[in-house]
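next come a sequence and a model predicted from it.
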Amino acid sequence: MGGRFLLGFGVAIASSAGPIYVLETSHPAFSSVMVAYCNCCWFVGSILASGAVRGGLNLSGNASWQLPICE
C-alpha cells in the first residue's frame, strides 16, 4: 500500500512538471509543438505500459513482478 501511494504521488508530480520542463528546455520555435506531443504521448505511453503489465500477469517466476519495474 505504501508503494502504491509513492507511485501515485510520483505520477502526479511527473504529469504536472513534465510539460513545463519540456516547455522550458525546447527551442522557442518548437516549444508549443513539443508540449503538445508531450501531453498527447503521455497517455499513449501509459496505455502501452499498462498493457505490458497486464500481459505479464500470467508469466511464471520472477518475470511477473520484474516486468513492471523494468519499464
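That came through fine.

give me every residue that touches Gly45.
Gly45 makes no contacts at all, as judged by Cβ atoms under 8 Å, 6 or more residues apart in numbering. (Each C-beta comes from the backbone N, C-alpha and C, glycine too.)

for the helix or strand hosting it, which residues meet the burial criterion?
Element membership for Gly45 (DSSP states H and E) is helix 31-55. For helix 31-55, the neighbour count (16 or more other Cβ atoms under 10 Å) marks Val35, Cys38 as buried.

going forward, count from 821.
That works, and once the first residue is 821, the last one we named lands at helix 851-875.

quick one: mean pLDDT over that helix.
The average pLDDT for helix 851-875 rounds to 87.

phi first, then psi, for the residue of the chain positioned farthest from its centre.
What lies farthest from the middle of the chain is Ala849; by Cα atoms, centre = their mean that is 25.8 Å. Backbone geometry at Ala849, expressed as degrees, to the nearest 10, gives phi -70, psi -30.

equivalent analysis for Gly881, please.
With angles defined as degrees, to the nearest 10, Gly881 sits at phi 80, psi -150.

repeat for Asn878
Asn878 adopts backbone torsions of phi -90, psi 10, taken as degrees, to the nearest 10.

repeat for Ser846
The phi and psi values for Ser846, taken as degrees, to the nearest 10, are phi -90, psi 160.

residue contacts, it?
By Cβ under 8 Å, 6+ apart, the contact list for Ser846 reads Met854, Val855.

let's see that with 7 Å instead.
Shown in contact with Ser846 (Cβ atoms under 7 Å, 6 or more residues apart in numbering): Met854.

distance of it from Gly838?
From Ser846 across to Gly838, the span is 12 Å (Cβ to Cβ, to the nearest Å).

could you do Phe829 as well?
For Phe829 relative to Gly838 (Cβ to Cβ), the value is 15 Å.

between the two, which has more neighbouring residues?
Neighbour tally, Phe829 and Gly838, criterion other Cβ atoms under 10 Å: the higher count belongs to Gly838, 14 against 10.

name the element the more buried one belongs to?
helix 822-845.

that helix: which residues count as buried?
Pro839, Val842.

for stretch 877-891, same thing?
Going by neighbour count (16+ other Cβ under 10 Å), the buried part of stretch 877-891 is Leu887.
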